[in-house]
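This is a predicted model, with the sequence first.
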Amino acid sequence: MKLTNPNEVPVYTISGASTARPLPDWLARKRKRSLKNDPEYANRVELLQDFEFEEASSCIRVSDDGEWVMSTGTYKPQIHTHYLPHLSLSFARHTTTLNHSFILLSSDYSKSLHLQTDRRLEFHTPGGCHYQTRLPRYGRDLIYDKQSAEALIPSVGVNADGSGEVYRLNLEVGRYMKPYQIDVGGDDLTTAGGGALQGGINTGSVNTAAIAEDSHNLLAFGTSIGTVEFWDPRSKGKVGVLAPQEGEITALDFDRSGLSLATGSSEGLVQIFDLRRPVPILRKDQGYGYPIKTLMHMTTSSQEKKILSADKRIIKLWDEADGKAWTSVEPAVDINSVAWCKESGMILTANEGKQQHAFFIPQLGPAPKWCSFLDNMVEEMAEEAPAETYDNYKFLTLPELKALNLGHLVGTTNLLRPYMHGYFVASRLYEEARLIANPYIWDEERTKRVKEKVEKERASRIRGGKKVKVNQGLVNKMLKRQERRQKVDEDMGVLGDDRFGKLFEDEEFAVDERSREFQALNPSTKVDSTGAPRLKDDSDDSSEGEGEGSDEDEVVSKPKPKPKPEMRISSSSYKKSGHQKRDAPLGSRSQGSGRVNKNKGEVVGERSITFALTAKSKEKERAKPPERKGRRDDGRRSASGNVFRRL
């Protein structure tokens, strides 16, 4: 859902395209795989199934029971009916010509009357088109008088007397009654065929009609000359006329009491009249100069009276008493018709885009029963409080622009986009102008960041430490952990809790780090000679002071642990692996590392060693023949004396 927040009243776009020209169907299908990475597509809310037409929609109505929505559109001309409790399209029906307007004759969708653009009236039922009839002239609007069961159709053109006509089709009798004759200023006599059946280009017409069905049942007809005529359906006579206004009257609406009438003109002006006064009590300009298409009296959930006025560009809601703007909705496409789900904050539109729009205003009223889940979604979005940001633009006021020597660009180029009391400037242009105005800004920024980093490191250091009587090592350990979190507080946690005061004062609570129980519970803690615990993986402080100036490392030395006696079995395999040590003081003889010759009687496995000197060993050494070296032996390695065999 997209959120807009004009005048501090949030408006949620529940459905509808955000662009005036959506992608074609063939291109949308081609890019369907890439839509999974589109955040707008992933977070979309499909309120009503198939709430769209192939080209555009022209009119929309909500039934009195609040369970059905009927809309007409093109192309091809068709009627869509949605069943709201199921949030789905109930049926779609095609017609032969375009629809201009329609009304629902029953409390649901079962009976509807459609005004077509080819001067025909069509009666539709759930089974299809029930009956068709032809109008003498083109109709401009369509209303239904429930008291007399008559369909009233204001038309274009004049009769033989030069008056406009409002046709009366009595649905009880089934025939046309005598039309209401409205003064429209006559026909255009300068146009050829001015008195013809259809009228000329500038011919007079009755543009719109309204009925106060909740009160006195008075009829009001707006004309092309800017007047509004009031007729009593009981006496079939005129009872009053409002003076001509600027432009043509294009929209009318009575409030529930029947005393207030809102009129909309082709110049975009909205006026509110009290039927007891001939002059307007309030005048409001829509702002765009387009004809007003929809006027509606509304009541919020807090019983505040508002007026909804819509032209093809924007929907505005404002206060009925003083005309103060309340909120507005400006979709990306032109608006053709607006419908309001009564006693709720839901507004539906028929527009020129492919998708029809649905807007939800929580302050106007709660979500309808058929989509009550919207209230929870709106509450979640309100907690997040999103704000619109401009990543590529910088907002600057006029004094700031002049400080950057950009004041000469105001009104002369499109590089500055005016907004409220300042201008939006591209971020790249702002950085370049800022650098030119102050060339040393980068050095200042760097110095500032270095200073902030140094101050941050200074604040994280332990200043002095905390001295206690007992368990000083535990206190140092706790402060070390706080230093890692870049926040040191000597009175935080166990250190500042009175319940653990004796832990650091009474010697009975001293922890013996050399005890067996402590080492079993803290296997990774190694206790040095001073009795202070130290983690085994911590780096020694002596490594930082290697080299010159490390006098403390020379004086304080760690005592070497005494080697434990080792009991090993003397074997040939263990001796070959290099683990057997020489007994030099006792004068043991080194054994040869060559291969063991079993034929000579040498012992394999465990052998007996004696330390007595024998004369035979000396005689063997003396009688040993000299080694023969031949010409081939120089620079060659013997296989029998291979170095790897002596390992």
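Thanks, I have the structure now.

shaky segments in the chain?
1, 5-7, 17-45, 187-201, 382-391, 459-465, 484-490, 526-647 (pLDDT under 70).

quick one, helices of it?
25-30, 39-42, 373-384, 398-403, 427-437, 441-460, 472-484, 516-521, 551-555, 572-576, 615-622 (DSSP state H).

for the fourth one, packing partners?
Counting contacts by 3 or more CB pairs under 8 Å, 6 or more residues apart in numbering; DSSP states H and E, helix 398-403 packs against strand 422-426. Bear in mind the C-beta positions are built from the backbone N, C-alpha and C, glycine included.

what do you get if the cut-off is 7 Å, keeping everything else the same?
Other helices and strands packing on helix 398-403, by 3 or more CB pairs under 7 Å, 6 or more residues apart in numbering; DSSP states H and E, are absent; none qualifies.

can you list contacts of it?
With CB atoms under 7 Å, 6 or more residues apart in numbering as the test, helix 398-403 has contacts from 407, 410, 422-423.

Would you mind measuring from R119 to S155?
According to CB to CB, to the nearest Å, R119 and S155 sit 9 Å apart.

Tell me which of the two has more neighbours.
Set R119 next to S155 and count neighbours by other CB atoms under 10 Å: S155 wins out with 24 against 18.

what number of residues lie near the nearest residue in space to that one that is not next to it in sequence?
Spatial nearest neighbour of S155, chain neighbours left out: R137 (4.2 Å); criterion: CB to CB, 6 or more residues apart in numbering. R137: 21 surrounding residues under other CB under 10 Å.

got it, and the one 3 residues further on?
Neighbouring residues of R140 were enumerated by other CB under 10 Å; the total is 22.

residues touching it, list them.
R140 neighbours (CB under 7 Å, 6+ apart): 154-156, 205-208.

now swap in A92 and tell me
Residues near A92 by CB under 7 Å, 6+ apart: 78-80.

With N405 instead?
433, 437.

what's the distance between it and Y393?
As judged by CB to CB, N405 and Y393 stand 19 Å apart.

Same check on L364?
Counting by CB to CB, the gap from L364 to Y393 is 32 Å.

likewise L416?
Taking CB to CB, one finds L416 at 10 Å from Y393.

Ok, W340 next?
37 Å.

What of N170?
From N170 to Y393 the distance is 63 Å (CB to CB).

Give me the number of neighbouring residues for E55.
Residues lying near E55 (other CB under 10 Å) number 12.

That one reaches T74, doesn't it?
Yes: between E55 and T74 there is a contact under CB atoms under 7 Å: 5.2 Å.

Can you give me every residue that contacts L89?
Contacts of L89 (CB under 7 Å, 6+ apart): 49-50, 80, 82.

Recalculate using a threshold of 10 Å.
L89 is in contact with 48-52, 69, 80-83, counting by CB atoms under 10 Å, 6 or more residues apart in numbering.

what's the farthest-apart pair in those?
Spatially, the most separated pair among the contacts of L89 is E52 and Y83, at 16.3 Å (CB to CB).

Quick check on those two: which one has the bigger neighbour count.
The neighbour count for E52 versus Y83, taken as other CB under 10 Å, is higher for E52 (21 against 18).

What's opposite that one in the beta bridge?
Beta-bridge partners for E52, by DSSP bridges, are Q355.

What separation is there between it and P278?
As judged by CB to CB, E52 and P278 stand 45 Å apart.

send the alpha carbons of stretch 242-250 over as PDB?
Extracted in PDB, the C-alpha atoms of stretch 242-250 (Å, rounded to 0.1, in the frame of the first residue of the first chain):
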ATOM      1  CA  LEU A 242     -30.900  30.000  -8.300                       C
ATOM      2  CA  ALA A 243     -29.300  32.900 -10.100                       C
ATOM      3  CA  PRO A 244     -26.800  32.100 -12.900                       C
ATOM      4  CA  GLN A 245     -23.300  31.300 -11.800                       C
ATOM      5  CA  GLU A 246     -19.900  31.200 -13.600                       C
ATOM      6  CA  GLY A 247     -19.900  28.500 -16.100                       C
ATOM      7  CA  GLU A 248     -22.200  25.600 -16.500                       C
ATOM      8  CA  ILE A 249     -23.500  23.500 -13.600                       C
ATOM      9  CA  THR A 250     -22.000  20.100 -13.900                       C
END
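
buried ones in that stretch?
242, 245, 247-250 (16 or more other CB atoms under 10 Å).

ok, now stretch 129-147?
135, 137-145.

would you list those in CSV and tack on distance to Q355?
Output for these, formatted as CSV (distance: CB to CB, whole Å):
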residue, distance to Q355
L135, 32
R137, 34
Y138, 30
G139, 28
R140, 28
D141, 26
L142, 26
I143, 29
Y144, 29
D145, 35
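
Looking at those residues, spot the one nearest K453.
Nearest to K453 out of the buried residues of stretch 129-147 is D141 (CB to CB; 72.7 Å).

Report the contact partners of that closest one.
D141 neighbours (CB under 10 Å, 6+ apart): 100-101, 103, 115, 152-155, 166, 206-210, 221-222, 250-252.

ok, so of the buried residues of stretch 242-250, who is nearest K480?
Among those, and counting by CB to CB, the member closest to K480 is T250, at 79.7 Å.

show me the contacts for Y138.
Taking CB under 10 Å, 6+ apart as the criterion, Y138 is in contact with 100, 115-119, 153, 155-157, 198-199, 205.

distance of G139 from D161?
Using CB to CB, G139 is found at 20 Å from D161.

can you give me the strands in the stretch 101-250 of the chain?
Here the stretch 101-250 of the chain has its strands, by DSSP state E, counting those that start in this stretch, at 112-116, 120-125, 128-134, 143-145, 150-158, 164-170, 175-182, 206-211, 219-223, 228-232, 237-242, 249-254.

any chance of those strands in JSON lines, plus distance to T4?
Shown next, in JSON lines, are the strands of the stretch 101-250 of the chain (distance: least, CB to CB, whole Å):
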{"stretch": "strand 112-116", "distance to T4": "33"}
{"stretch": "strand 120-125", "distance to T4": "36"}
{"stretch": "strand 128-134", "distance to T4": "40"}
{"stretch": "strand 143-145", "distance to T4": "33"}
{"stretch": "strand 150-158", "distance to T4": "36"}
{"stretch": "strand 164-170", "distance to T4": "40"}
{"stretch": "strand 175-182", "distance to T4": "41"}
{"stretch": "strand 206-211", "distance to T4": "30"}
{"stretch": "strand 219-223", "distance to T4": "32"}
{"stretch": "strand 228-232", "distance to T4": "34"}
{"stretch": "strand 237-242", "distance to T4": "36"}
{"stretch": "strand 249-254", "distance to T4": "24"}
